[in-house]
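*Asks:* From the sequence below, what's the structure:
(chains A and B)
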There are 2 protein chains.
Amino acid sequence: MKQNMDTTLYFITDSTGFEKEEFLRRVEAALCGGVTLVQLREKERTTREYLALAREVHALTQKYDVPLIIDDRLDVALAAETEGVHLGQSDLPVGIARKILGNDRIIGATAKTVEQATEACEQGADYLGVGAIYPTTTKVKTILTSTDMLRKICEAVPIPVNAIGGLNKDRLEVLAGIPIAGVCVVSAIMKAADPKIAAEELMEATKQILKK
Amino acid sequence: MKQNMDTTLYFITDSTGFEKEEFLRRVEAALCGGVTLVQLREKERTTREYLALAREVHALTQKYDVPLIIDDRLDVALAAETEGVHLGQSDLPVGIARKILGNDRIIGATAKTVEQATEACEQGADYLGVGAIYPTTTKVKTILTSTDMLRKICEAVPIPVNAIGGLNKDRLEVLAGIPIAGVCVVSAIMKAADPKIAAEELMEATKQILKK
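*Replies:* Numbering: from 1, shown residues only, chains lettered A, B, ... in the order given. Predicted structure coming up:
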């Protein structure tokens, strides 16, 4: 599974405020628009609800041959048999997750410092999300990360590093020349008038930035 | 591990309102007083906090050779290497948990009907918690279960069935003659002036009821 991991345009979901059918429709539109990785992130659901939604989203991601990453909940990832988990600093440590999941599943981690990045990498993370680059409405309490720090982290670890936080197609210019592997977006696709077009435009803009 | 499972006096923790040191002191006092099984139940913590507390409680339960069950979170149980998980109707289905955990760990389930009980049993549950027999302050929205239903469930499944919900040493008489394996308590020990003495008295009262 890991061989297929492409973090170029990493779409993180947020079902807040959407009816389930509309949420799933938007996820599929994003897949149709070319997102390369999907993360399901749910905080307010019971385990059984999280599992049920994970299975529905997984059916969509499998259709487009895109790996599905579950935020935080390794139990949900195991139960839904998704391709991986994403672990923040309040979630399970990467090393423990790797021990439980083995080597076939993707483990991503959030890092805000070089120390966190190298630690996650040493413990077996497959990619890092670094941010927030811009203030974000998704995580209101998050601390901003400078593009200088982002560059330092990219240079410190051998695994793909994605920029995250308030990014949209008009805000990618600050990332030019930094050796990131891709970008993570939530609202720019989730709340777009047309998620498919938003994904297509973001992909184009991301590819341009990665060349610079 | 399962061979050692004894549900006679099953203590379910609730750390709400306690400083960590006082919480751990009370858990150890309960162990010292003879509880035969401990469940850690936390709803408001991050995964990493839940894991950290699970490890501290596990160090205590291991000292007294009592299995530690984690409520809901199979990922925490795996990460802390505890002896089992307890699954309610909003948590992972028992069958999926059994598939992930294998046969060495204890899986308990909550059941309020004969149908839920036989389903959990068929999917591999090792014991059932049935209630609430009395109204409880721990789960304010819970639905009461009659002692008649408790008896029916005991007669329908071959695994140990525990009564739960608002139980204390003065309220066990209603369970006389019902083939339960033991009782589950939260507040009766957790909030007792002296948790050790509370556990000792509950054990004595439970043994008396199980004989009737």
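*Asks:* which element is residue A:99 on?
*Replies:* Using DSSP states H and E, residue A:99 maps to helix A:94-101.
*Asks:* can I get the CA coordinates of that helix in CSV?
*Replies:* Taking Å, rounded to 0.1, in the frame of the first residue of the first chain, the C-alpha atoms of helix A:94-101 are listed here in CSV:
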residue,chain,number,x,y,z
VAL,A,94,4.2,6.9,16.3
GLY,A,95,6.5,4.1,17.6
ILE,A,96,3.7,2.3,19.5
ALA,A,97,1.3,2.7,16.5
ARG,A,98,4.0,1.2,14.2
LYS,A,99,4.5,-1.7,16.6
ILE,A,100,0.7,-2.4,16.6
LEU,A,101,0.1,-1.8,12.8
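*Asks:* which secondary structure elements does it contact?
*Replies:* Applying 3 or more C-beta pairs under 8 Å, 6 or more residues apart in numbering or on different chains; DSSP states H and E, one finds that helix A:94-101 contacts helix A:74-80, strand A:84-87, strand A:106-111, helix B:74-80. Glycine gets a C-beta too; all of them are placed from N, C-alpha and C.
*Asks:* From the chain's centroid, how far away is it?
*Replies:* Computed by C-alpha atoms, centre = their mean, to the nearest Å, the chain-centroid distance of helix A:94-101 equals 18 Å.
*Asks:* what's residue A:81 in contact with, if anything?
*Replies:* residue A:58 (C-beta atoms under 8 Å, 6 or more residues apart in numbering or on different chains).
*Asks:* ok, now with 10 Å
*Replies:* The contact partners of residue A:81, by C-beta atoms under 10 Å, 6 or more residues apart in numbering or on different chains, come to A:54, A:55, A:58, A:68, A:105, B:96, B:100.
*Asks:* right, and the helices and strands packed on helix A:94-101 - which one's nearest residue A:143?
*Replies:* Comparison of the helices and strands packed on helix A:94-101 against residue A:143 by C-beta to C-beta identifies strand A:106-111 as nearest, at 11.2 Å.
*Asks:* Which strands border the closest one, and is each parallel or antiparallel?
*Replies:* Paired strands of strand A:106-111, with direction, are strand A:84-87 (parallel), strand A:127-131 (parallel) (DSSP bridges).
*Asks:* quick one: which of the ones you listed is nearest residue B:115?
*Replies:* Shortest distance between residue B:115 and the strands paired with strand A:106-111, using C-beta to C-beta, is found for strand A:84-87: 33.3 Å.
*Asks:* Output stretch A:161-170 as CSV, nothing but the C-alphas.
*Replies:* The C-alpha trace of stretch A:161-170 is given here as CSV (Å, rounded to 0.1, in the frame of the first residue of the first chain):
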residue,chain,number,x,y,z
VAL,A,161,6.8,16.6,4.3
ASN,A,162,3.5,18.4,3.6
ALA,A,163,2.5,21.9,4.4
ILE,A,164,-0.8,22.3,6.2
GLY,A,165,-3.0,25.1,7.7
GLY,A,166,-5.3,27.6,5.9
LEU,A,167,-3.8,26.8,2.5
ASN,A,168,-5.7,27.4,-0.7
LYS,A,169,-4.7,28.0,-4.3
ASP,A,170,-4.0,31.6,-3.8
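*Asks:* In that stretch, which residues are buried?
*Replies:* Buried residues in stretch A:161-170, counted by 16 or more other C-beta atoms under 10 Å in any protein chain shown: A:161, A:162, A:163, A:164, A:165, A:166, A:167, A:168, A:169.
*Asks:* Could I get the average pLDDT for that stretch?
*Replies:* Stretch A:161-170 shows a mean pLDDT of 96.
*Asks:* and if you look at stretch A:23-38?
*Replies:* 98.
*Asks:* Only C-alpha atoms, please: export that stretch in PDB.
*Replies:* This file holds the C-alpha atoms of stretch A:23-38, laid out as PDB (Å, rounded to 0.1, in the frame of the first residue of the first chain):
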ATOM      1  CA  PHE A  23     -20.500  15.000   2.900                       C
ATOM      2  CA  LEU A  24     -19.900  11.800   0.900                       C
ATOM      3  CA  ARG A  25     -20.800  13.600  -2.300                       C
ATOM      4  CA  ARG A  26     -18.100  16.200  -1.600                       C
ATOM      5  CA  VAL A  27     -15.500  13.600  -0.700                       C
ATOM      6  CA  GLU A  28     -16.200  11.800  -4.000                       C
ATOM      7  CA  ALA A  29     -16.100  15.100  -5.900                       C
ATOM      8  CA  ALA A  30     -12.600  15.700  -4.300                       C
ATOM      9  CA  LEU A  31     -11.500  12.200  -5.400                       C
ATOM     10  CA  CYS A  32     -12.900  12.900  -8.900                       C
ATOM     11  CA  GLY A  33     -10.900  16.100  -8.900                       C
ATOM     12  CA  GLY A  34      -7.700  14.300  -8.300                       C
ATOM     13  CA  VAL A  35      -6.800  14.400  -4.600                       C
ATOM     14  CA  THR A  36      -4.000  11.900  -4.000                       C
ATOM     15  CA  LEU A  37      -4.600  11.000  -0.300                       C
ATOM     16  CA  VAL A  38      -7.600  11.300   2.000                       C
END
